[in-house]
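K.L.:
Structure here, sequence nowhere to be found:
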Ligand SMILES: C[S@@+](CC[C@H](N)C(=O)[O-])C[C@H]1O[C@@H](n2cnc3c(N)ncnc32)[C@H](O)[C@@H]1O
């Protein structure tokens, strides 16, 4: 019995070592893929209308995760899902070639520096178009500029008008762009819309910094209630919008 136990310990040690070889971004992304399934199942089941808006696309991994989660959970099976869910677009905002830029002093972080996490719009477009030709829209530029232009254009991008937001992901890591994204989506959120904050627990949860501060301020000024729908990965947090109409 003792030898069997010690053999098991040896096996368990190997499993622990292998699991710890998994790079943190991979671990975080896998957890988010899992979270997206329950997020999209819920909005499809509850028939929440609107698009998926992603602020911070990088190379497109989370955008594609959202698309497949929506597709797989939106199938009519005559058992759980009786009605076909609403059609949605998957709209991604990023500076792409520019990466990060500090618009405010309070956004500075040792691990997110200017120009960091830049990507190539052409390659990302190619990557998403292999998944679907018509369902993605990519908007290039710092959202500090692009969102104002879209507002002036009656919330329309490339001829498509964003009426409602079903799910939004904020993944630009810093406070000031997160605030802009939340302000842009404010009037498009409805009961059941989901807000995903990818870096909720960064900046040591300082009430004046990061996406944590942006969402706290949003709760104060919007008077929208956010219902906790759990966490994922290292720093991810999910909320469901609850609004009195
Ligand atoms: C962590 S990455 C996004 C990762 C992506 N969501 C994923 O998981 O596949 C952060 C992205 O935010 C973008 N970003 C940061 N600040 C921005 C801003 N002010 N306007 C537009 N994009 C910004 C960066 O270019 C970078 O691609």
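P.N.:
Perfect, I can see it now. Computed from a prediction, not measured in an experiment: that's the story for all the values here. Numbers count the residues shown, from 1 in each chain.
K.L.:
how close does residue 179 get to residue 210?
P.N.:
For residue 179, the distance to residue 210 (Cβ to Cβ, to the nearest Å) stands at 11 Å. For glycine as for every other residue, the C-beta is placed from the backbone atoms N, C-alpha and C.
K.L.:
Next, the contact list for residue 104, please.
P.N.:
175, 176 (Cβ atoms under 8 Å, 6 or more residues apart in numbering).
K.L.:
Can you tell me, leaving aside adjacent residues, what's nearest to residue 237?
P.N.:
Using Cβ to Cβ, 6 or more residues apart in numbering and skipping residues adjacent in sequence, the residue nearest residue 237 is residue 200, 3.6 Å away.
K.L.:
Now do the same contact list for that neighbour.
P.N.:
Applying Cβ under 8 Å, 6+ apart, we find residue 200 in contact with 210, 211, 212, 215, 231, 235, 236, 237.
K.L.:
Which ChimeraX command selects the buried ones in the residues you listed?
P.N.:
A single ChimeraX command is used to select the members of those judged buried by 16 or more other Cβ atoms under 10 Å:
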select :210,211,212,215,235,236,237
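K.L.:
Tell me which entries of the contacts of residue 200 lie within strands.
P.N.:
Of the contacts of residue 200, the ones assigned to strands by DSSP state E are 231, 236, 237.
K.L.:
Pull the contacting residues for the first one.
P.N.:
The one in question is residue 231. Shown here is residue 231, whose contacts under the criterion Cβ under 8 Å, 6+ apart are 200, 237, 238.
K.L.:
and the last one, how many neighbours does it have?
P.N.:
To tie it back to what came earlier, the one meant is residue 238. Other residues within reach of residue 238, judged by other Cβ atoms under 10 Å, total 24.
K.L.:
and it, bridged to which residues?
P.N.:
residue 196 (DSSP bridges).
K.L.:
Straight-line length of stretch 144-162, end to end?
P.N.:
Chord length of stretch 144-162, first to last residue, is 18 Å (Cα to Cα, to the nearest Å).
K.L.:
Taking the centroid of the protein, which residue is nearest it?
P.N.:
Within the chain, the residue whose C-alpha comes closest to the C-alpha centroid is residue 169; the distance, by Cα atoms, centre = their mean, is 2.5 Å.
K.L.:
Name the next helix or strand downstream of the helix ranked longest in the chain, please.
P.N.:
Criterion DSSP state H: the longest helix present in the chain is helix 24-45. Proceeding N to C from helix 24-45, the next assigned helix or strand is strand 51-55, under DSSP states H and E.
K.L.:
What strands line up against that following strand, and which way round?
P.N.:
Strand 51-55 has its sheet partners listed here by DSSP bridges as strand 90-94 (parallel), strand 165-170 (parallel).
K.L.:
does any part of stretch 199-215 sit near the ligand?
P.N.:
No. Using Cβ under 6 Å from any ligand atom, stretch 199-215 stays clear of the ligand, with a minimum separation of 7.7 Å.
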